[in-house]
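Participant: Everything below, folded, please.
(4 chains)
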Protein chains: 2
Amino acid sequence: MKNTSISEAAAHFGVPESTLRYYEKKGLLPHLRRDGAGRRIFSEFHMTLLQVILNLKRTNMPLDSIRQYVVWVVEGEDTTGLRLDMLLKHRQSVLGEIAGMQQALDGIDIKIGRYEERIENREKGAFEQDDDPRSRDQNHRKEVRL
Amino acid sequence: MKNTSISEAAAHFGVPESTLRYYEKKGLLPHLRRDGAGRRIFSEFHMTLLQVILNLKRTNMPLDSIRQYVVWVVEGEDTTGLRLDMLLKHRQSVLGEIAGMQQALDGIDIKIGRYEERIENREKGAFEQDDDPRSRDQNHRKEVRL
DNA sequence: ATAGGTCTTAAACCGGGGTTTAAGTCAAGC
DNA sequence: GCTTGACTTAAACCCCGGTTTAAGACCTAT
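Facilitator: Numbering: from 1, shown residues only, chains lettered A, B, ... in the order given. Have a look, this model is predicted:
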């Protein structure tokens, strides 16, 4: 029965008010009531819905798909199967996305390791070899090392 | 010593050629040479660099930051510390991002569980209660259930 | 030598996801 | 009764990361 204002809702979820207005306009917050002065009232339902929306958004679901989900919520129990389906597909795609990021991160970690090694070697009194005449023209074309 | 054409590079990394041209224009692919006919030649260095760029991109590093990284690569060994620093910060931010997605996904999994339960219950011969007169006006304001 | 395929360029365009601006209304405190 | 602060709206604006378009140059096979 809590009636939450837009500023409270924004503070609660840590998003700008402008975003909440934008979401309403985009159809993510259906049936949002107004008070006598025309101000938005976020019901408990809307607060819960918003939590779900933000979970979906944090996992990179496009707003258009989130809107479809919300439309199904409003349509009622007949759409439970569709919603379940959507969430299961989304879940899979998120798992794939995370795995992809992990893989890329592994590649990055290898570079980090190399850089640490280089700096280590540099500090360990590795005097500049470039003053050795025998290496003078070896690396003439300025070697760019990743 | 392999000289790779833009089409080969694109195929190799599974990105459109237009993206590679765009990356060059944005400064992500410095010193890209051309053949007699003005076509881009991707050296081994560029192929390796591209792999790194794509790893950074897959972990959501903005192109501007990637460009900064590349500039440092070109500037040479003096910037190893800066690069290491950047990668370490990025690593942390990616780990945070992944953790955040995981958390959101946990919330989504809970909804999935509820939906599965509902469908389960519906299939288990739960006849429609709505035909029982005693429940007639209970849920008059159409209850929207997430 | 002509057609197809591949390449080049600059510039315009697109889609997603907001954010900002301008102009105005309202309620409360002084 | 007047200012202050929170709120409203529609529309314009912005950033990012490309993609598409138009016009043209070049190699290769027939």
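Participant: And for the spatially most central residue of chain A, nearest residue in space, chain neighbours not counted?
Facilitator: By C-alpha atoms, centre = their mean, chain A has its centre lying nearest to residue A:58, at 4.5 Å. Using C-beta to C-beta, 6 or more residues apart in numbering or on different chains and skipping the chain neighbours, the partner closest in space to residue A:58 is residue B:104 (4.0 Å). All C-beta spots, glycine's among them, are computed from the backbone N, C-alpha and C.
Participant: In which helix or strand does that neighbour reside?
Facilitator: helix B:80-123 (DSSP states H and E).
Participant: Now do stretch A:49-63: everything it contacts.
Facilitator: Identification of contacts with stretch A:49-63 by C-beta atoms under 8 Å, 6 or more residues apart in numbering or on different chains yields A:9, A:13, A:15, A:20, A:23, A:26, A:28-29, A:42, A:65-66, A:69-70, A:73, A:90, A:94, A:97, B:100-101, B:103-105, B:107-108, B:111, B:146.
Participant: Show me which of those are buried.
Facilitator: Neighbour counting with 16 or more other C-beta atoms under 10 Å in any protein chain shown marks A:9, A:15, A:20, A:23, A:28-29, A:42, A:66, A:69-70, A:73, A:90, A:94, B:101, B:104-105, B:107-108, B:111 as buried within the contacts of stretch A:49-63.
Participant: from those, which are also near DNA strand C?
Facilitator: Among the buried ones among the contacts of stretch A:49-63, proximity to DNA strand C is found for residue A:15 (C-beta under 7 Å from any atom of the strand).
Participant: Any residues of chain A in contact with DNA strand D? List them.
Facilitator: Residues of chain A lying close to DNA strand D (C-beta under 7 Å from any atom of the strand) are A:5-7, A:17, A:21, A:25, A:34, A:38-40.
Participant: switch the cut-off to 6 Å
Facilitator: For chain A, the residues in contact with DNA strand D (C-beta under 6 Å from any atom of the strand) are A:5-7, A:21, A:38-40.
Participant: Most neighbours out of those residues, which is it?
Facilitator: residue A:40 (19 neighbours; other C-beta atoms under 10 Å in any protein chain shown).
Participant: residues in contact with the closest residue to that one other than its chain neighbours?
Facilitator: Take residue A:40 and drop its neighbours on the chain: the residue closest to it by C-beta to C-beta, 6+ apart is residue A:6, 4.9 Å away. Contact analysis of residue A:6 by C-beta under 8 Å, 6+ apart lists A:17, A:20-21, A:39-40, A:42.
Participant: Give me the buried positions along the host helix or strand of residue A:49.
Facilitator: Residue A:49 belongs to helix A:44-58 when elements are defined using DSSP H and E. Buried positions in helix A:44-58, judged by neighbour count with 16+ other C-beta under 10 Å: A:45-46, A:49-50, A:52-58.
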